[in-house]
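>>> Pasting the sequence and the predicted coordinates here, then a few questions.
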Amino acid sequence: MEHETSRRQPKLIAVGHLKGGTGKTTTACNLASCFANAGIDLRVVVVDLDPQAAATRQLAIDAEPASVGAYDVIVSGQIARGAIQKSKVRSCLLVPATQRLVMSEMDETIRSLSFEDVRQSILENLDGTDIAIIDCPSGFGTLPTMAMAIADVVIMPTPPRVSELRALHKSMEHVKRLREDAKDVVTAVFTMYDDTNPTHLELIEAQQTAFDGVLASTRVPDDPAIELAALADGLAVEYNPGSSVAQAYRRLAVELGERLGLEMPTAPETRTASHENAAAKPAEPGEHIGEGDSADASDRPAPAPPPPSFPRPEHLPPPVSGPIPELLRTPPSEPDPSPADTPSPSSSPAAETNAEEASPPVVSDPVAPSVEPAIETSPISPPESGPAPGSGKFDLVIKIALGLCLLAVLGVGGMLFLATASVPILGVMVVAAGALVLIFLAAMIFKLF
């Protein structure tokens, strides 16, 4: 397919959803790689509008934060020099997220822009590219709303779970409020799909009527290749092109390319182990051919074509097949050998053999309860004279002593009040308090003895 070398404006694809954790960034980056390596000379650019900068971390070559990026492309109104940079994916460019996106919801400059102003600014800055994939933050804030309003296609990755499906309904209603052609531009894609999970199958079947014409025919499976690729700082479609998730994203790219009017090549299927086991192999000389088998190779189904070979970046390690590598598993903790389990240097096999012959084996009865050996303890003799500090009697003695002092003070005070005070009632009250203290002291003395 021939493309013009100048004044070509990209098709805008916005990847957004109300809920986070649905696979938006994974879908945006892997689709970008599929379009860029489709073999039809497409120039692809990923615009990271998410302040978390997940797409920037996956695609950027330079780990240092960029000073010019998506914010400048939106608000500049002119060409933002240095906003577009190369990425780790061949033929794929990147407009990175910058720190200025963090406060974008309170940025009056962004809030004052119209949808048409944002679209024209993006198209002018990305002039010369074919596809621009916009990775949106979750929610209905200013940035995702702008992207969904101006995009030619809006992709909503959605795992088949109840909460995500409810958020999908709200996301669809949000786009309908933004534009009249919502059903023509929105494509809902089921991600993290497990065809062995009956709940997933039931939920997907229930959404067929509600989202008729919106659901993509391609479903992205839940594949550990995504996490393994992330550990290797790469993408699943490049790190493990034969994985089921890589094949799904290539089929999704073909499906979206047809909607955008691109002549996308058909994504071939990769032969799996089950396919190869099911395919008949030619009979060796002298080998028995069972009933229903045929020795003629023309009767057998033609093998599926191999997957397209993508050039692997040099920094990526070879793909991992099979189970998760051992380095990802936490080894079981081994208990430290106790001194009793460690044989002493003086012990020898001969000495152990003699000890076993000298002492008969002890057979334990599994039914009989185990009896703990009795521990002989000598009784603790009480102190010979006087209560010990901290004991109950010691506390009583202290209370009695304090009570006697208080009683003496109250008695003397009461007598003085009765003799000299102009108000004798105060002296009577003091004498009454002394009587109460005396009763308290009597009780303490009785408890002590």
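Here it is on my side, so go on. Numbers count the residues shown, from 1 in each chain.
>>> Give me the below-cutoff pLDDT ranges for the stretch 301-449 of the chain.
Along the stretch 301-449 of the chain, segments meeting pLDDT under 70 span 301-394, 396, 414-424, 426-427, 446, 448-449.
>>> Could you do the stretch 51-200 of the chain as well?
77-78.
>>> can we see that at 80?
In the predicted model, the stretch 51-200 of the chain carries pLDDT under 80 at residues 63, 76-81.
>>> residue ranges of the helices in it, please?
Using DSSP state H, counting those that start in this stretch, the helices of the stretch 51-200 of the chain run over 54-59, 70-75, 108-111, 115-125, 142-150, 162-178, 182-185, 198-210.
>>> Could you export these to TSV, including columns for mean neighbour count and distance to Ala432?
Backbone N, C-alpha and C define where each C-beta goes, glycine included. As requested, these are exported to TSV (neighbours: other Cβ atoms under 10 Å; distance: least, Cβ to Cβ, whole Å):
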stretch	mean neighbour count	distance to Ala432
helix 54-59	23	81
helix 70-75	25	84
helix 108-111	12	79
helix 115-125	18	90
helix 142-150	23	80
helix 162-178	17	74
helix 182-185	16	90
helix 198-210	13	81
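>>> can I get those in CSV with distance to Ala433?
As requested, the helices of the stretch 51-200 of the chain are arranged in CSV below (distance: least, Cβ to Cβ, whole Å):
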stretch, distance to Ala433
helix 54-59, 78
helix 70-75, 81
helix 108-111, 76
helix 115-125, 86
helix 142-150, 77
helix 162-178, 71
helix 182-185, 88
helix 198-210, 78
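>>> Quick one: closest of the ones you listed to Gly23.
Nearest to Gly23, of all those, is helix 162-178, at 9.9 Å by Cβ to Cβ.
>>> Which strands or helices does the closest one pack on?
Other elements packing on helix 162-178 under the criterion 3 or more Cβ pairs under 8 Å, 6 or more residues apart in numbering; DSSP states H and E are helix 142-150, strand 153-158, helix 182-185, strand 186-190, helix 198-210.
>>> which residues touch Val44?
Neighbour list for Val44: 32, 35-36, 91-93, 129-133 [criterion: Cβ atoms under 8 Å, 6 or more residues apart in numbering].
>>> how about a cut-off of 6 Å?
32, 35-36, 92, 131 (Cβ atoms under 6 Å, 6 or more residues apart in numbering).
>>> Most neighbours of all those residues, which one?
The most crowded member of these, judged by other Cβ atoms under 10 Å, is Ala32 (33 neighbours).
>>> angle of the strand or helix carrying it against strand 186-190?
Using DSSP states H and E, Ala32 falls within helix 24-36. Going by axes from the mean of the first three to the mean of the last three Cα atoms, to 10 degrees, helix 24-36 is angled at 110 degrees with respect to strand 186-190.
>>> so which of the helices and strands packed on helix 162-178 comes closest to Val428?
Nearest of the helices and strands packed on helix 162-178 (Cβ to Cβ): helix 142-150, 82.7 Å.
>>> what comes into contact with the closest one?
By Cβ under 6 Å, 6+ apart, helix 142-150 touches 14, 16, 49, 104-105, 110, 115, 118-119, 134, 136-137, 154, 175, 178.
>>> Out of those residues, flag the one nearest to Gly82.
Leu49 (17.8 Å).
>>> Not counting residues beside it along the chain, what's closest to the closest one?
The shortest distance from Leu49 to any residue other than its chain neighbours is 4.8 Å, reached at Leu143 (Cβ to Cβ, 6 or more residues apart in numbering).
>>> Where does Gly411 sit: helix, strand or coil?
helix (DSSP: H, G, I helix; E, B strand; the rest coil).
>>> Strands along the protein, start to end?
11-15, 44-48, 85-86, 92-95, 131-135, 153-158, 186-190 (DSSP state E).
>>> re the thing from before, kindly reformat the helices and strands packed on helix 162-178 as CSV containing distance to Leu404.
Below are the helices and strands packed on helix 162-178 laid out as CSV (distance: least, Cβ to Cβ, whole Å):
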stretch, distance to Leu404
helix 142-150, 82
strand 153-158, 84
helix 182-185, 93
strand 186-190, 88
helix 198-210, 81
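>>> Among those, which comes closest to Gly21?
Across the helices and strands packed on helix 162-178, closest to Gly21 is strand 153-158 (Cβ to Cβ), at 10.0 Å.
>>> what's the closest one packed up against?
Secondary-structure packing of strand 153-158 (3 or more Cβ pairs under 6 Å, 6 or more residues apart in numbering; DSSP states H and E): strand 11-15, helix 162-178, strand 186-190.
>>> tilt between it and strand 131-135?
Strand 153-158 and strand 131-135 are oriented at 40 degrees to each other (the same axes, to 10 degrees).
>>> what lines up beside strand 153-158 in the sheet?
strand 11-15 (parallel), strand 186-190 (parallel) (DSSP bridges).
>>> On the pLDDT front, check the residue nearest to Met264 when sequence neighbours are not counted for me.
Distance criterion Cβ to Cβ, 6+ apart; nearest residue to Met264, sequence neighbours excluded, is Gly257 at 3.4 Å. Gly257 is assigned 91 on the pLDDT scale.
>>> Start at 333, not 1
Yes, from this point I'll number from 333; that puts the last item at Gly589.
>>> Just give me the neighbour total for Gly589.
21.
>>> One more: the one 5 residues further on?
If you count neighbours by other Cβ under 10 Å, Leu594 ends up with 18.
>>> what sits against it?
Contacts of Leu594 (Cβ under 6 Å, 6+ apart): none.
>>> Check the gap between it and Pro469 for me.
In this view, Leu594 and Pro469 are 27 Å apart by Cβ to Cβ, to the nearest Å.
>>> can you check Glu512 too?
25 Å.
>>> For the two, indicate the residue with more neighbours.
Set Glu512 next to Pro469 and count neighbours by other Cβ under 10 Å: Pro469 wins out with 24 against 8.
>>> Brilliant, that's me finished.
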